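J.: could you work out the structure for the sequence below:
(one chain, ligands or ions: 2)
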Amino acid sequence: MVPKAELERRAGLFRQMCRAKGLKATHQRAEVFRELAGSDEHPDAETVYQRVRRRVPAISRDTVYRTLATLVAEGLIRPAAIPGGPSRYDANLARHHHFVCTVCGKVQDFRCEAMDALPIPPSVRALGRIESAQVHVRGVCLSCAKSDPKRRRRR
Ligand SMILES: [Zn+2]
Ligand SMILES: [Zn+2]
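T.: Ligands and ions are numbered 1, 2, ... in the order given. Just a heads-up that it's a prediction; the model follows:
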């Protein structure tokens, strides 16, 4: 769960960025954004659609998918660049890294200044233009480890 203060901060930033970009903060856009901003699970488009539909039954799948694409294009959310499976979305625009659970697939954010500062080696620069770099730490999350004590001991 995203703490309430952080959720308020993201919602404020959303309204502010919509104004700055001349993008109408329509009810549907706000609902799609709220769903992402209130979850730290980095959901895929289908999950966002299923959840928003509970609050806004009239919304169509197409609208949700299109809204996600618009929000990404405007920089209000970003793709969560997690390998494997359908593309997932992230409302945390601050520089952060991911802990990916190899059992349940849950993706959790963490901050680390040392990782932010990791130098990109020349061999990587030689591959193309760098846009961003993010560290993925893979492992077994606390709730998965709890439900399988054997796995925790093995670690
Ligand atoms: Zn897990
Ligand atoms: Zn994230």
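
J.: residues touching residue 118, list them.
T.: Each residue near residue 118 by CB atoms under 8 Å, 6 or more residues apart in numbering is listed here: 133, 135. Every C-beta, even on glycine, is put in place using the N, C-alpha and C of the backbone.

J.: quick one: it and residue 135, what's the gap?
T.: Relative to residue 135, residue 118 is positioned 7 Å away (CB to CB, to the nearest Å).

J.: so residue 21 makes contact with residue 73?
T.: No. Applying CB atoms under 8 Å, one finds residue 21 not in contact with residue 73, separated by 10.0 Å.

J.: and for the two, which residues touch both?
T.: Residues touching both residue 21 and residue 73 by CB under 8 Å, 6+ apart: none at all.

J.: so what's the residue count around residue 125?
T.: As a burial measure, residue 125 scores 10 neighbours (other CB atoms under 10 Å).

J.: start the count at 50 instead of 1 going forward.
T.: Fine by me, first position is 50 from now on; the one you just mentioned is residue 174.

J.: contact residues of this protein facing ligand 1?
T.: Taking CB under 5 Å from the ion, the part of the chain that reaches ligand 1 is made up of 150, 152, 153, 155, 190, 193.

J.: excluding sequence neighbours, find me the nearest residue to the fourth one.
T.: This means residue 155. Excluding its sequence neighbours, the residue lying closest to residue 155 (CB to CB, 6 or more residues apart in numbering) is residue 190, at 5.5 Å.

J.: I figured the one you found hits residue 153, correct?
T.: Yes. Residue 190 is within contact range of residue 153, at 6.5 Å (criterion: CB under 8 Å).

J.: neighbour count winner among those two?
T.: More crowded of residue 190 and residue 153, by other CB under 10 Å: residue 190, with 17 against 13.

J.: from ligand 2, how far out is the more buried one?
T.: Plainly put, residue 190 is 14 Å away from ligand 2 if you go by CB to the ion, to the nearest Å.

J.: give the contact list for that residue.
T.: Neighbouring residues of residue 190 by CB under 8 Å, 6+ apart: 148, 150, 152, 153, 155, 157.
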